[in-house]
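> Could you work out the structure for the sequence below:
(chains A and B)
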Number of protein chains: 2
Amino acid sequence: MGRWQPNARGRLQRAALELYGERGFEQTTVAEIAQRAGLTERTFFRHFTDKREVLFANAEEFEGSFVRALVAAPEATPPIEAVAAAAEAGAGAIQSDRAQARRRQAVIAANAELQERELTKLARLTAALAGALRERGVPPATASLAAEAGVAVFKVAFERWIGEEGEEDLPRLVRQSLDELRALAAGAGAASPG
Amino acid sequence: MGRWQPNARGRLQRAALELYGERGFEQTTVAEIAQRAGLTERTFFRHFTDKREVLFANAEEFEGSFVRALVAAPEATPPIEAVAAAAEAGAGAIQSDRAQARRRQAVIAANAELQERELTKLARLTAALAGALRERGVPPATASLAAEAGVAVFKVAFERWIGEEGEEDLPRLVRQSLDELRALAAGAGAASPG
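Got it, this is the predicted structure:
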C-alpha cells in the first residue's frame, strides 16, 4: 500500500483488458481490475480517471507518433508519402503487442459507446494529420484527402494485422495497403472482366 | 389538432434547425420546435423520437442513395469508380438545400455528442459500401479501402460545398475530389520543389 509499484500502469491496463474480455466491459469494476493487477483502487485512480480511460490512455502517444513522423518528413515529400511515413510510425509504435491490440479491439467492437469514442480518436488523428500537412504548405482540400487516405490505409492494415496469424509486421502491412490504395485509385480491381 | 398536416416532417426539421442555430441545440425544447413549426408536440413525436433524431432522420435515406448507386453500377466497373458513382448519387440526394445542410453542420460542429453520432453515421455508410463491394466479388481489404476512399472524397467535397459560395454542384465537387485523390495517390502535391 502506498509504496512504489513497478509498471503499475501497464499491469492495470493488462488486467483491465483481460477482465473486459472475460466478463464484458460493463460488468467489470475498478475494484476487480485493481485486484487482478495486485494493486489498490487508489493506485488505479492515480493512473486513470475511469475504466473507459484505460482503453484510450495511449491515444495521445499514438497520435503523437503519427504527427512527429509527418513533421519529420523531408520538405519535398509528396503528401501521400508523408502520411504513409506517419502511418508506418504509428504502426511501429503499437506493434510490439498484437495480443493486447486484439483484446482491446474485441472489447471496443462489443460496445457502441466505446466504438464512438474510437471513431472520435481516429477523427482527431485525421484532423491532426491534415493540420500538419497544411503547415507544410499543402492546400486544405489536398491535406484533408491525404490525411483521410493515410488513416484509411492504417485502419485496413490494422484490421488485417489483428485478424491474421500470418503477417506480424504492421508497418509492412501499412505499406502494402498504401500500394493497394494506389492501384485502386488508378482504376484497378474490377471484380469481373465484364 | 389531429388533422393531417402537409409536410409536417419537413416543417419540423426546418424549425428545429433554425432554433438550434439561434439558441443552441441544448437550449432548444421540443415544445419550441413544435410551436415554431405551427404544430403540436404530439405531431413532433409522431415523426421523431427526440430532438437529436431530427438531425439524423434522413441518415438511412442518405445511405440508401449511396448503396443503390453502387449496386446499380455495371459489373466491370472498377471499385473506385463504383464508390465514386455512389458518392455522386449521395451528393445528388442532398444538394437541393445547401442552406439547410450548412445549418445542420454548424449545429453538429458545436456539440461533441452530435459529432460522435455523425461519425457513427459515416462509419456505417463506409461499412455498407464495403459490404456492397464485397458482394460484387471485390476482396475484403480492397473493398474497405475503396469504401473509405469514397467516403473521404464525399466528405472533402461536402466541406467545400458548405464552405464556398462558388460551386453549388455537389456531385461535381465529388468528381473533382476523386480526381484530386487520384493525383495524390499517384504522388502529386509536394508542397515545395525541394
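
> Please make it C-alpha for all contacts and neighbour counts, starting now.
Noted.

> Can you show me the helices along chain A?
For chain A, the helices defined by DSSP state H occupy A:8-23, A:30-37, A:41-47, A:53-56, A:59-72, A:79-94, A:98-109, A:112-135, A:140-163, A:170-185.

> Just the buried residues of the first one, please?
Judged by neighbour count (16 or more other C-alpha atoms under 10 Å in any protein chain shown), helix A:8-23 contains these buried residues: A:8-9, A:11-21.

> tell me the mean pLDDT over stretch A:145-164?
Mean pLDDT, computed over stretch A:145-164, is 93.

> Provide a list of residues in contact with the residue positioned nearest the centre of chain A.
Centrality entry for chain A: nearest residue to the mean C-alpha point is A:Phe62, 6.2 Å, by C-alpha atoms, centre = their mean. If a contact means C-alpha atoms under 8 Å, 6 or more residues apart in numbering or on different chains, then A:Phe62 has A:Gly90, A:Ala93, A:Ile94 as its contacts.

> pLDDT score for it?
94.

> same check, this time on the one 10 residues further on
Looking at A:Ala72, its pLDDT reads 96.

> thinking again about what came up before, next, find the distance separating the residue nearest to the centre of chain A from chain B.
To chain B, A:Phe62 is 20 Å away according to C-alpha to the nearest C-alpha, to the nearest Å.

> A:Ala123 now?
In this view, A:Ala123 and chain B are 8 Å apart by C-alpha to the nearest C-alpha.

> Pull the contacting residues for A:Glu180.
For A:Glu180, the contact set (C-alpha under 8 Å, 6+ apart) comprises B:Thr142.

> Give the buried residues for stretch A:132-139.
Residues of stretch A:132-139 classed as buried by neighbour count (16+ other C-alpha under 10 Å): A:Ala132, A:Leu133, A:Arg134, A:Arg136, A:Val138.

> Next, the fourth one: phi, psi?
In this entry, A:Arg136 is assigned phi and psi values of phi -90, psi 0 (degrees, to the nearest 10).

> Surely it and A:Ala73 touch.
No. In this structure A:Arg136 lies outside contact range of A:Ala73 using C-alpha atoms under 8 Å: 10.0 Å.

> Show me how chain A divides into domains.
Split into domains by automatic domain parsing, chain A comes to A:8-54, A:58-183.

> Can you say which of the contacts of A:Phe62 are buried?
Neighbour counting by 16+ other C-alpha under 10 Å classes A:Gly90, A:Ala93, A:Ile94 among those as buried.

> And these, which is closest to A:Ser177?
Using C-alpha to C-alpha, the shortest approach to A:Ser177 within these belongs to A:Gly90, at 14.3 Å.

> For A:Ala82, see how far away the closest one is.
In this structure, A:Gly90 and A:Ala82 are separated by 12 Å, where distance is defined by C-alpha to C-alpha, to the nearest Å.

> for A:Gly10, same thing?
Noted for A:Gly10: a distance of 31 Å to A:Ala82, by C-alpha to C-alpha.

> Let's have the contacts of A:Phe62 in TSV, adding distance to chain B and pLDDT.
Written out in TSV, the entries for the contacts of A:Phe62 read as follows (distance: C-alpha to the nearest C-alpha, whole Å; pLDDT from 0 to 100):
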residue	distance to chain B	pLDDT
A:Gly90	18	96
A:Ala93	22	92
A:Ile94	21	91
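
> okay if I get the residues you listed as CSV plus distance to B:Ala143?
Shown next, in CSV, are the contacts of A:Phe62 (distance: C-alpha to C-alpha, whole Å):
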residue, distance to B:Ala143
A:Gly90, 23
A:Ala93, 26
A:Ile94, 25
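
> Could you export the buried residues of helix A:8-23 as TSV, including pLDDT and distance to B:Glu167?
Written out in TSV, the entries for these read as follows (pLDDT from 0 to 100; distance: C-alpha to C-alpha, whole Å):
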residue	pLDDT	distance to B:Glu167
A:Ala8	92	56
A:Arg9	92	52
A:Arg11	94	55
A:Leu12	95	53
A:Gln13	93	50
A:Arg14	93	52
A:Ala15	96	54
A:Ala16	96	51
A:Leu17	94	49
A:Glu18	94	53
A:Leu19	96	53
A:Tyr20	95	50
A:Gly21	91	50
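
> Now render these as CSV, adding distance to A:Ile162.
As requested, the buried residues of helix A:8-23 are arranged in CSV below (distance: C-alpha to C-alpha, whole Å):
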residue, distance to A:Ile162
A:Ala8, 26
A:Arg9, 23
A:Arg11, 22
A:Leu12, 22
A:Gln13, 18
A:Arg14, 17
A:Ala15, 20
A:Ala16, 19
A:Leu17, 15
A:Glu18, 17
A:Leu19, 19
A:Tyr20, 18
A:Gly21, 15
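
> Farthest-apart pair in these, please.
Set against one another by C-alpha to C-alpha, these have their most distant pair in A:Ala8 and A:Gly21, with a gap of 19.9 Å.

> For stretch A:60-76, buried residues please.
Burial within stretch A:60-76, assessed by neighbour count using 16+ other C-alpha under 10 Å, is assigned to A:Phe62, A:Glu63, A:Gly64, A:Ser65, A:Phe66, A:Val67, A:Arg68, A:Ala69, A:Leu70, A:Val71, A:Ala73, A:Glu75.
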